[in-house]
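Visitor: just need the structure, nothing else, for what follows:
(3 chains)
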Amino acid sequence: MRRLPLSLWLGLTLVALLLAVALLSLVWTPFPADKIRVVARLRPPGAEHWLGTDHFGRDVLSMIMVGARNSLSIGAMAVGLGLVFGVPLGLAAAALGRWGDEILARLGDLVFAFPAVLSAILLTAVLGAGAVNVVLALGLFNAAVLARVTRGAAQAVWRREFVRAALALGREPLSVTLVHVLPNVAGIVTVQATVLFAVAIVNEAALSYLGLGIQPPSPSWGKMLGDAQTHLFTAPLQAVFPGLAIALSVLGLTLLGDGLRDWLDPRHRTSGIL
Amino acid sequence: MPNRKPRPAAAAGLAAGLLAALAFGSALGGAPALAQTRADVVVGMALEPPHLDPTAGAAAAIKEVTYANLYEPLTRVDAEGNVVPALARTWTVSEDGLTYRFTLRSGAKFHDGSVCDSADVKFSLDRARATDSVNAQKAYFASIAAVETPDPGTVVVTLSRPDGLFLFHMASGDAAIVAPESASTNKQKPVGTGPFKFDRWVAGDRVVLVRNPDYDGPKPALERVSFRFISDPAAQVAALKAGDVDAFTLFSTYEALPEFRNDPKFTVTVGTTEGETILSTNNARKPFDDVRVRRAMAHAIDRKTLIEGVLYGNGAAIGSHFPPHRAGYVDLTGLYPYDPAKAKALLAEAGLPNGFDTTLRLPPPPYARRGGELVAAMLAEVGIRVKIEPMEWAAWLEKVFKGKDYDLSMIAHTEPLDIDVYGRADYYFNYRNDRFKALDEELNRTQDPAKRNALYGDQQRLLAEDAVNGFLFMLPSVTVQNAKLAGMWANRPIQANDVTGVSWK
Amino acid sequence: MLAFLLRRLLTLLLTAWLATVAVFAVLEAVPGDPALLMLGVNAQPDTLAALRAQMGLDRPMAERYLRWTAGLLRGDLGVSLTYARPVAGLVAERLVVTLPLALLSLAMSTLAAIPLGLLAAARRGRGGDWAVMGFAQLGVAMPSFWIAILLILLFSVTLGWFPAGGFPGWEAGVGPALKALLLPAVALAVPEAAILARVTRTAVLDTLGEDHIRTARAKGVGRAAVLLRHALPNALIPVATVLGLQLSFLVAGAVVVENVFTLPGLGRLLYQAIGQRDLIVVQGVVVVLAVFVVVVNALVDIACAMVDPRPRAS
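Guide: Presented below is the predicted three-dimensional model:
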């Protein structure tokens, strides 16, 4: 057993913490996250409300806890969607060779011609704002990225001796793909999926900040930041906590991704020491 | 966010007060300009206008920059909501109410130096009512049968039917008088007859107007006015504090008001607008077609908390579709006191003991987004599960307003005296009540103010009893300004930032 | 090399054109009528029809698209539906905000990242390395709009040193204009710098392992000199490539950051135009952005080819 990189440990710890908070919020939060008490609004952090209250008097800590659940589930669904559509596409493109490749590359170009946030903004304009549509928009982007990554990795596998040998032995391309190619690209795809998870969390926050993402009464870190921005003079700390939650989650996931990459491919330690 | 507010403009008020305005103006002009007094002012606004032609767009920001400052209509609305002379010095109305004879100011000139005479007025009115007109308020001109120009100083407008609101409508920004030579370029290079003329437009930041030296009326005290567009609340507060703007109109960062009130450098005024904010309800859809359900919702909404939560207390509650500051207002806010238990009982009575699911489609303004969130939470308390769907203006106008495809929405209706919309069968509330229509028709025939007010009262009561919409609150007109600035409007009888009477103390 | 660049240019322009088709189709599907939006709630059907005719919206979709494309080929981006002005002028007006913003943040991130990356590589495994890499991880993790809010909180709200938003225009003077751009540029530069610092560190470490460096070191060239004269130039190639790639992210970031600071830039124009259903503006901006990305990437390729001392593989 190789020694696990420090970044992997740190990443795992942060992600586990996030997951724990999200799960805990299912059974317990200090206050109901949607409990409005206008008289108690914009309280600074204190004994009753540890992280203070928002402009409607809701408990910020409770909102951040439930927000973790929302962020994680949207991120997970967006990545899941990307995996379900992107990986088979990438595998197919690599197996089909030149023209499948070409089509995929052009489709990918089309998706990448627009930054993810922009295409999500456009898509939510068509479909309407809301969590489901954000998942769809981010999932589309993730599918494009994962298809591209899978294709690249799969092509490398196809060029390798043992695959050629399998083909020479009369194995069907489909079974070669499933038996030989898929296991060999799984690592790099996992790493990429972890990074995309982090990207999805940031993009969901950005969309919710613009009011296009998760809708109240369900709390969202991004929307909390958007609301806090109108109270910068009266309740400055409101703009700190949700951002911190986003940063820590993204940090956890990128560390996890880096750690996984180093662990899977120790020769090429791109991430450096952490 | 889209920078458009569907705040339909219309004039309001009664004729009076030109003398007062003149006296005020000359008093300002007479005050010797001290060397150290400033002669410029920077007025902050939340939204930037898309262009500067009030005769071709409904965006409030267009009129907020240009009205009375840059363009003049025949008549105009003053700070108190009265219709007063503008380009027309005087006018007479025939006995039958069909012929209006306007006498124009003889010295009126457009900013390009050309004389403004009856031909320009005829051009402007005919343009607004032409088949290819793109005037947002074309209906204002619908009663005009002909516009004649017996001489350069006289315009005779003949109506096809009596129109009690004609002078009010002619006072709106949409009825601004423009010149044929510049009409097509007014969007970018506005040319009017007002006391200020266009200087420049720094896209995304400000529009600058300068004093028109050739203006034939009382000269404004200010040499230069900049309208700065700052949509972000924190930036608005920062700009005021730093003195980058001298006044901010329709200020909506209400939570910052206590700080400004406590600072002697600033004056805060909370005035009225014509904006009745309502929880629009689709009366044709189940279960909202049942008056008990609508009444249940009325009982479920705690207006006091709502006003505190959205406006930080700076707004009046309403019990029907009528502003409290207007004559004819009836206080109906006590009809449905906040009572969740009663709301639940009414729902049960309507066969919905477990409440129901519904959707609330919200347009972009913060009062709607915030108010919608609060109302949704209040309705949830009585078992009405509300899904919030935020929408951009374009989608809201198309789907909710035009398509009537919605359950609930929230919006401020800002047109003055717009209670008549409840008589329109095709309006998006889908409300149909013959008694209301009969009252409306009687109103159209009635001239006597006391009788009119009584009829308005009946209409208000009818709407409240039917609980057509959730009647919530009036949007306030909050102005935060430098304490040394005088002459800013406190109220908003019309969409305008009239700075012609503004000066430094 | 030239043929390769041309091919790339063509594919990317084709992509940009496809993107306009996609955008056009999407915006057609979006609910919302620009005429209704401009004329508001009291607009009559005949007025709406007149305005639609004036805007050319009464024509079939295919015809409108072809007309727009034909104009594009003549270098005409069309006239905005909302602002009633040529899109080229609007874009130019916004570019003088976005371009300096992007360049400023690019300059800041590069100036910060390369020395930091070098430092980390030089002190590999020691305190400096840990500090730089820790910063890099954090910088990547912090969304730029949050950084923007924090900057406003600190420098505008608390200290009052910088405006909290808005842009006074360049004619207000270079000083005030730069002042308005500084915070947004920093907000964009932090994640940028974090990524670049990591890339620089890795690239320098990679080149340090290469033969010619070992040779130089063996010849007695000093440590600092090796780092600066040999390792750095080689490391600049991957750095420049990443820089080029990051550009599209910079554009995306600019959309959000320009909204946080209410800067009248290209991103905000695009965002507002989507809201206003101003198809002509949306497409114009998309084309300009695409061309911009293409040109920068081509420039990066050329720069890399010129800097790279090693013989090209192909």
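Visitor: return the per-residue confidence for residue C:298.
Guide: Note for residue C:298: predicted pLDDT of 68.
Visitor: chain A: helices as residue ranges?
Guide: Here chain A has its helices, by DSSP state H, at A:6-27, A:60-96, A:98-113, A:116-127, A:131-158, A:161-168, A:173-176, A:182-209, A:221-229, A:241-264.
Visitor: highest mean neighbour count out of those?
Guide: Greatest average neighbour count among the helices of chain A goes to helix A:221-229 (a mean of 27), per mean count of other CB atoms under 10 Å in any protein chain shown. The way it works is simple: take the backbone N, C-alpha and C, and place the C-beta from them, glycine included.
Visitor: flag every residue of the stretch 201-314 of chain C that's near chain B.
Guide: Residues of the stretch 201-314 of chain C lying near chain B by CB under 8 Å from any CB of the partner chain: C:260, C:261, C:262, C:263, C:264, C:268, C:272, C:275, C:276, C:277.
Visitor: 7 Å instead, please
Guide: For the stretch 201-314 of chain C, the contact set with chain B under CB under 7 Å from any CB of the partner chain comprises C:262, C:264, C:272, C:275, C:276, C:277.
Visitor: what do you get for chain A?
Guide: Within chain A, the positions near chain B by CB under 7 Å from any CB are A:34, A:36, A:38, A:56, A:125, A:128-129, A:211, A:215-217, A:229-234.
Visitor: now the spatially most central residue of chain A: how far from residue C:260?
Guide: For chain A, the residue nearest the mean C-alpha position is residue A:197 (1.8 Å; CA atoms, centre = their mean). Residue A:197 sits 24 Å away from residue C:260, going by CB to CB, to the nearest Å.
Visitor: closest point of the stretch 101-250 of chain C to chain B, which residue?
Guide: residue C:165 (3.5 Å; CB to the nearest CB).
Visitor: any idea how far residue B:108 is from residue C:243?
Guide: Taking CB to CB, one finds residue C:243 at 60 Å from residue B:108.
Visitor: try residue A:98
Guide: Where residue B:108 is concerned, residue A:98 sits at a distance of 75 Å (CB to CB).
Visitor: repeat that for residue B:95.
Guide: Distance, residue B:95 to residue B:108, using CB to CB: 29 Å.
Visitor: list the buried ones in stretch C:96-105?
Guide: Going by neighbour count (16 or more other CB atoms under 10 Å in any protein chain shown), the buried part of stretch C:96-105 is C:96, C:97, C:98, C:100, C:101, C:102, C:104, C:105.
Visitor: report pLDDT for residue 113.
Guide: Picking chain A for this. Looking at residue A:113, its pLDDT is 65.
Visitor: that's the other chain; I wanted chain C
Guide: With respect to pLDDT, residue C:113 has a value of 91.
Visitor: hang on, it packs against residue C:190?
Guide: No: contact between residue C:113 and residue C:190 fails when scored by CB atoms under 7 Å: they sit 10.2 Å apart.
Visitor: mind checking which of those two has more residues around it?
Guide: Neighbours were counted for residue C:113 and for residue C:190 using other CB atoms under 10 Å in any protein chain shown; residue C:113 has more, 27 against 22.
Visitor: nearest to chain B: which residue in the stretch 51-200 of chain A?
Guide: For the stretch 51-200 of chain A, CB to the nearest CB, closest residue to chain B: residue A:129, 5.1 Å.
Visitor: give me the phi and psi angles of residue B:95.
Guide: Note on residue B:95: its backbone torsions stand at phi -50, psi -50 [degrees, to the nearest 10].
Visitor: gap between it and chain A?
Guide: 56 Å (CB to the nearest CB, to the nearest Å).
Visitor: roughly how far apart are that residue and residue B:379?
Guide: Distance of residue B:95 to residue B:379, computed by CB to CB: 54 Å.
Visitor: check residue B:150 too.
Guide: Distance, residue B:150 to residue B:379, using CB to CB: 61 Å.
Visitor: tell me which of the two has more neighbours.
Guide: Shown here are residue B:150 and residue B:379; by other CB under 10 Å, residue B:379 has more neighbours (25 against 10).
Visitor: what residues are up against the more buried one?
Guide: By CB atoms under 7 Å, 6 or more residues apart in numbering or on different chains, the contact list for residue B:379 reads B:297, B:300, B:386.
Visitor: again, 10 Å this time
Guide: Applying CB atoms under 10 Å, 6 or more residues apart in numbering or on different chains, we find residue B:379 in contact with B:279, B:296-297, B:300-301, B:340, B:343, B:355-356, B:358, B:360, B:385-386, B:408, B:470.
Visitor: buried residues in the helix or strand hosting residue C:71?
Guide: In this assignment (DSSP states H and E), residue C:71 forms part of helix C:61-73. Of all the residues in helix C:61-73, those buried under the rule 16+ other CB under 10 Å are C:64, C:65, C:68, C:71, C:72.
Visitor: tally of neighbours for the closest residue to the third one other than its chain neighbours?
Guide: Of all residues beyond its chain neighbours, the one nearest residue C:68 is residue C:78 (5.7 Å), with distances taken as CB to CB, 6 or more residues apart in numbering or on different chains. Counted with other CB under 10 Å, the burial measure for residue C:78 works out to 19 neighbours.
Visitor: check the offset of the worst-scoring helix or strand of chain A on mean pLDDT from the chain's centre.
Guide: Least confident helix or strand, chain A: helix A:98-113 with a mean of 74, by mean pLDDT, DSSP states H and E. With CA atoms, centre = their mean, to the nearest Å as the basis, helix A:98-113 stands 23 Å off its chain's centre.
Visitor: my read: residue C:120 touches residue C:194, true?
Guide: No: checked against CB atoms under 10 Å, the pair residue C:120 and residue C:194 is beyond contact range at 11.7 Å.
Visitor: more crowded one of those two?
Guide: Legend: neighbour count by other CB under 10 Å for residue C:120 and residue C:194, higher for residue C:120 (28 against 24).
Visitor: the more buried one: what's it in contact with?
Guide: Counting by CB under 10 Å, 6+ apart, residue C:120 touches A:272-273, C:126, C:128-133, C:135-136, C:197-198, C:200-202, C:204-205.
Visitor: element containing the residue nearest to residue A:38 when sequence neighbours are not counted?
Guide: Spatially, and ignoring its direct neighbours in sequence, residue A:38 is nearest to residue B:309 (4.4 Å; CB to CB, 6+ apart). According to DSSP H and E, residue B:309 maps onto helix B:303-311.
Visitor: which other helices and strands does the lengthiest helix in chain B contact?
Guide: Across chain B, the longest stretch assigned as helix under DSSP H is helix B:449-466. Applying 3 or more CB pairs under 10 Å, 6 or more residues apart in numbering or on different chains; DSSP states H and E, we find helix B:449-466 packed against helix B:291-300, helix B:434-445, strand B:470-482.
Visitor: as a markdown table, the ones you listed with distance to chain C would be great.
Guide: Shown next, in a markdown table, are these (distance: least, CB to the nearest CB, whole Å):
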| stretch | distance to chain C |
| --- | --- |
| helix B:291-300 | 23 |
| helix B:434-445 | 17 |
| strand B:470-482 | 16 |
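Visitor: nearest to residue B:412, out of those?
Guide: Ranking the helices and strands packed on helix B:449-466 by proximity to residue B:412 (CB to CB) places strand B:470-482 first, at 4.9 Å.
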